[in-house]
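**Student:** Return a 3D structure for these sequence lines:
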Amino acid sequence: MQQFDDVDEDDPILRIGPAAELAGMHPQTLRQYDRIGLVVPGRTQGGSRRYSLRNIRQLRQVQELSNDGISLPAIARILDLEDEVTDLRRCVVQLRSELRAERENRPGARVFAAEASGAVVTLTSGTRVRRRTDVVLWRPQGR
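**Tutor:** Model prediction:
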């Protein structure tokens with residue numbers, strides 16, 4: 001699919017005929033998969049099916065799994081789990097990015113202790129305090 005490099009893979013751009021041809025299937029097979037919810041294309045305002053490149057990839061995967069003897073309900077479950085994994089990976093990337101930004105925006109030391117004399121000192125990460133004479137206080141910034 002080299003000619004589609006600049007197209008978003010989720011854009012519903014292909015009518016059923018070209019989609020079936022790219023997937024190597026009969027258009028009626030695509031209609032059947034849509035009816036049972038296996039590979040569901042987008043729809044135009046008029047109700048015509050429009051397939052995305054992701055749909056084509058799913059159709060090819062369905063065909064491959066079916067040729068390997070896997071039932072359609074099992075294939076549906078596999079596709080659902082793969083979608084869930086994709087969503088979770090996106091979430092992990094976003095959370096890592098947020099964590100990285102949080103770490104970059106905070107000052108180096110965030111732990112403070114009160115000495116026996118009452119003086120407040122900043123502790124560096126990994127510093128141990130004497131429990132009998134020091135009280136450790138911690139407060140996250142921005143809260």
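**Student:** Check what contacts stretch 53-70 and list those residues.
**Tutor:** Applying Cβ atoms under 8 Å, 6 or more residues apart in numbering, the contact partners of stretch 53-70 are 1, 4, 7, 9-14, 19, 22-25, 30, 33, 38-39, 41, 51, 72, 74-75, 78-79. For every residue, glycine as well, the C-beta is placed using N, CA and C.
**Student:** Give the buried residues for the lengthiest helix in the chain.
**Tutor:** Using DSSP state H, we find that the single longest helix of the chain is helix 72-105. The neighbour-count criterion (16 or more other Cβ atoms under 10 Å) identifies 75, 76, 79 as the buried residues of helix 72-105.
**Student:** Tell me the one of these nearest residue 102?
**Tutor:** Nearest to residue 102 among the buried residues of helix 72-105: residue 79, at 34.9 Å, using Cβ to Cβ.
**Student:** Wait, a helix at residue 113?
**Tutor:** No. Residue 113 sits outside any helix when classified using DSSP: H, G, I helix; E, B strand; the rest coil, being strand.
**Student:** Touching, it and residue 128? I think so.
**Tutor:** No. Judged on Cβ atoms under 8 Å, residue 113 makes no contact with residue 128 at a distance of 10.3 Å.
**Student:** Between the two, which is the more surrounded one?
**Tutor:** Between residue 113 and residue 128, counting by other Cβ atoms under 10 Å, residue 113 is the more crowded of the two (18 against 8).
**Student:** Many thanks, have a good one.
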